[in-house]
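S.K.: heads up, no residue letters with this:
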């Protein structure tokens, strides 16, 4: 089970590290972090660098594709390498997945036209601009395509995929293995649960961050 | 404010990234990744390489010392130079945080003697050997020491620490930013609630599967020499 995680400059680490931590436990799983060019890739904070073991071109036909989101998404879309890779890989994947605004990249690759998908709550308009239909759910499945909402939703998405692929009992063991018994100190994880001024503050910050990443 | 995250061969990346992803978003937070030597550190699965751009010698003080867990953490518990570094840096911190069996590393350094702490499910019986009392909670504060349960608990503990550092408004905004309204697919949340075969799988991993992982060669180690890998510890049969 070849799992390919497509990285790009200014991706959000937790988007893909959460699901990777889960998917990597599947029997026979072989995970590869990839980027347009093999080598170091910097995350959105500018303070974490991880390795892309190989280039996208080295892995044209993985079994599972995972695309994280991040402020660097529009720049990656404009560059074209990642969307071309997705479009081609998607023809033969068992699963094509994304977390957060990774779904915007999937949509830009043309594979979500007319399909339901989720994304980070602050990027709904960008997702729909590329032809997908936003569904306000944490994890959305459309055939072999699975999309997760923002950042931390990658863990939920990963567990859902493991259940579909390796069965519920195995997925339960993985959920336990990462001790996923969440107890957030507050309940402010979605716009509907947050005071409007926090939502606007976060939205403004997100836009500024994306603009800066594109510079 | 500076967050220094210690990483080592065979650490569990979500232990570190969960807390990092929320703490790094506190305005003005600087993050540095610290290891015994600068270079690529291989996580426990061997698939992920993380760049440590500071070595122990360069980090003599910080505001937050963060120690993740993972199968490689067992070796840290008896790594005297590392434990000495932890003690020395801890003397300068405002907060010292341990995630999963990272708590055991702090305990082995002597920092949790007489303190209460939490850790991953299978380490609870081990904490008392270093004088710490285990609490079966998701995260805990004892003075300046923040400890969390295993792996994904790093996010909850990280948000808890965000609030202590930057106040409730900022912490809630960060929670919103990472869209953290978790929804685990399965209702069996703890080993006690889990079916027997699920328990068997995780116990088998905990009791030896971790060491087997550490034997694997990280695929990128041909191009990027990996820091601190001790796969050759066991002699060939």
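M.R.: Yep, it's here. What you see is a predicted model, and the numbers here were worked out from it, not measured in a lab.
S.K.: and the helices in the chain?
M.R.: Looking at chain A here, since you left the chain open. If DSSP state H is used as the criterion, the helices of chain A fall at A:13-23, A:73-79, A:81-90, A:102-108, A:124-129, A:153-166, A:168-177, A:196-214.
S.K.: meant chain B actually
M.R.: Taking DSSP H as the criterion, chain B carries its helices at B:13-23, B:73-76, B:80-90, B:102-108, B:153-166, B:168-177, B:196-204, B:210-215.
S.K.: export those helices as a markdown table, with columns for distance to chain A and mean pLDDT.
M.R.: For every residue, glycine as well, the C-beta is placed using N, CA and C. As requested, the helices of chain B are arranged in a markdown table below (distance: least, C-beta to the nearest C-beta, whole Å; pLDDT from 0 to 100):
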| stretch | distance to chain A | mean pLDDT |
| --- | --- | --- |
| helix B:13-23 | 4 | 98 |
| helix B:73-76 | 15 | 94 |
| helix B:80-90 | 18 | 98 |
| helix B:102-108 | 13 | 98 |
| helix B:153-166 | 5 | 98 |
| helix B:168-177 | 4 | 95 |
| helix B:196-204 | 4 | 72 |
| helix B:210-215 | 10 | 78 |
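S.K.: just name the most buried of these.
M.R.: For the helices of chain B, the stretch with the most neighbours on average is helix B:13-23, a mean of 30; neighbours defined as mean count of other C-beta atoms under 10 Å in any protein chain shown.
S.K.: just want the most central residue of chain B.
M.R.: Centroid check for chain B by C-alpha atoms, centre = their mean gives residue B:68 as the closest residue, at 1.0 Å.
S.K.: confidence score at that one?
M.R.: What the model reports for residue B:68 is a pLDDT of 98.
S.K.: with residue A:208 instead?
M.R.: In this model, residue A:208 is scored at 86, pLDDT.
S.K.: that one and chain B, how far apart?
M.R.: Distance, residue A:208 to chain B, using C-beta to the nearest C-beta, to the nearest Å: 13 Å.
S.K.: run a quick neighbour tally on that residue.
M.R.: The number of residues packed near residue A:208 is 11, by other C-beta atoms under 10 Å in any protein chain shown.
S.K.: name the helices or strands packed onto the lowest-mean-pLDDT helix or strand in chain A?
M.R.: Each helix and strand of chain A was given a mean pLDDT (mean pLDDT, DSSP states H and E); the minimum falls on helix A:196-214 at a mean of 87. Taking 3 or more C-beta pairs under 8 Å, 6 or more residues apart in numbering or on different chains; DSSP states H and E as the contact definition, the neighbouring helices and strands of helix A:196-214 are helix A:73-79, helix B:168-177.
S.K.: tabulate these in TSV, adding columns for distance to residue A:46.
M.R.: Formatted as TSV, the entries for these read as follows, by distance: least, C-beta to C-beta, whole Å:
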stretch	distance to residue A:46
helix A:73-79	14
helix B:168-177	16
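S.K.: of those helices, which approaches residue B:125 most closely?
M.R.: Within these, the stretch nearest residue B:125 is helix B:168-177; the backing value is 32.6 Å (C-beta to C-beta).
S.K.: hey, what's the angle from the closest one to helix A:196-214? Just curious.
M.R.: Between the axis of helix B:168-177 and that of helix A:196-214 there is an angle of 60 degrees, by axes from the mean of the first three to the mean of the last three C-alpha atoms, to 10 degrees.
S.K.: give me the contact list for helix B:168-177.
M.R.: A:150-151, A:184-186, A:188-191, A:194, A:198-199, A:201-202, A:205-206, B:22, B:25-27, B:159, B:162-163 (C-beta atoms under 8 Å, 6 or more residues apart in numbering or on different chains).
S.K.: from the residues you listed, keep the buried residues only.
M.R.: Using 16 or more other C-beta atoms under 10 Å in any protein chain shown as the burial test, the contacts of helix B:168-177 include A:150-151, A:184-186, A:188-191, A:194, A:198-199, A:201-202, A:206, B:22, B:25-26, B:159, B:162-163 as buried.
S.K.: re earlier: please identify which of the helices and strands packed on helix A:196-214 is closest to residue B:105.
M.R.: Distances from residue B:105 to each of the helices and strands packed on helix A:196-214 were compared using C-beta to C-beta; the shortest belongs to helix B:168-177, at 25.9 Å.
S.K.: from the middle of its chain, how far away would the closest one be?
M.R.: If you compare the mean C-alpha spot of helix B:168-177 with that of the full chain, they lie 22 Å apart, counting by C-alpha atoms, centre = their mean, to the nearest Å.
S.K.: also stretch B:89-103?
M.R.: Average the C-alpha atoms of stretch B:89-103, do the same for its chain, and the two points are 10 Å apart (C-alpha atoms, centre = their mean).
S.K.: what residues of that stretch count as buried?
M.R.: Counting neighbours by 16+ other C-beta under 10 Å, one finds that the buried residues in stretch B:89-103 are B:89-90, B:93, B:95-103.
S.K.: could you do stretch B:111-126 as well?
M.R.: So stretch B:111-126, judged by 16+ other C-beta under 10 Å, has buried residues B:111-112, B:115-121, B:123, B:126.
S.K.: once you drop chain neighbours, what's closest to residue A:107?
M.R.: The shortest distance from residue A:107 to any non-neighbouring residue, by C-beta to C-beta, 6 or more residues apart in numbering or on different chains, is to residue A:130 (3.5 Å).
S.K.: contacting residues around the one you found?
M.R.: Residues near residue A:130 by C-beta under 8 Å, 6+ apart: A:104, A:107-108, A:112.
S.K.: before we move on, the earlier item: chain A versus the residue nearest to the centre of chain B, what's the distance?
M.R.: With the distance defined as C-beta to the nearest C-beta, residue B:68 ends up 12 Å from chain A.
S.K.: got the contact list for that residue?
M.R.: Residue B:68 sits next to B:5-7, B:11-13, B:15-16, B:19, B:99-100, B:102, B:154 when contact means C-beta under 8 Å, 6+ apart.
S.K.: how about these in JSON lines, adding distance to residue B:44?
M.R.: Compiled in JSON lines, those are given as follows (distance: C-beta to C-beta, whole Å):
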{"residue": "B:5", "distance to residue B:44": "15"}
{"residue": "B:6", "distance to residue B:44": "15"}
{"residue": "B:7", "distance to residue B:44": "11"}
{"residue": "B:11", "distance to residue B:44": "7"}
{"residue": "B:12", "distance to residue B:44": "5"}
{"residue": "B:13", "distance to residue B:44": "8"}
{"residue": "B:15", "distance to residue B:44": "9"}
{"residue": "B:16", "distance to residue B:44": "11"}
{"residue": "B:19", "distance to residue B:44": "17"}
{"residue": "B:99", "distance to residue B:44": "13"}
{"residue": "B:100", "distance to residue B:44": "11"}
{"residue": "B:102", "distance to residue B:44": "13"}
{"residue": "B:154", "distance to residue B:44": "14"}
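S.K.: which one of the residues you listed is nearest residue A:73?
M.R.: So of the contacts of residue B:68, ranked by how close each gets to residue A:73 (C-beta to C-beta), first place is residue B:13, at 21.6 Å.
S.K.: alright, that wraps it up for me.
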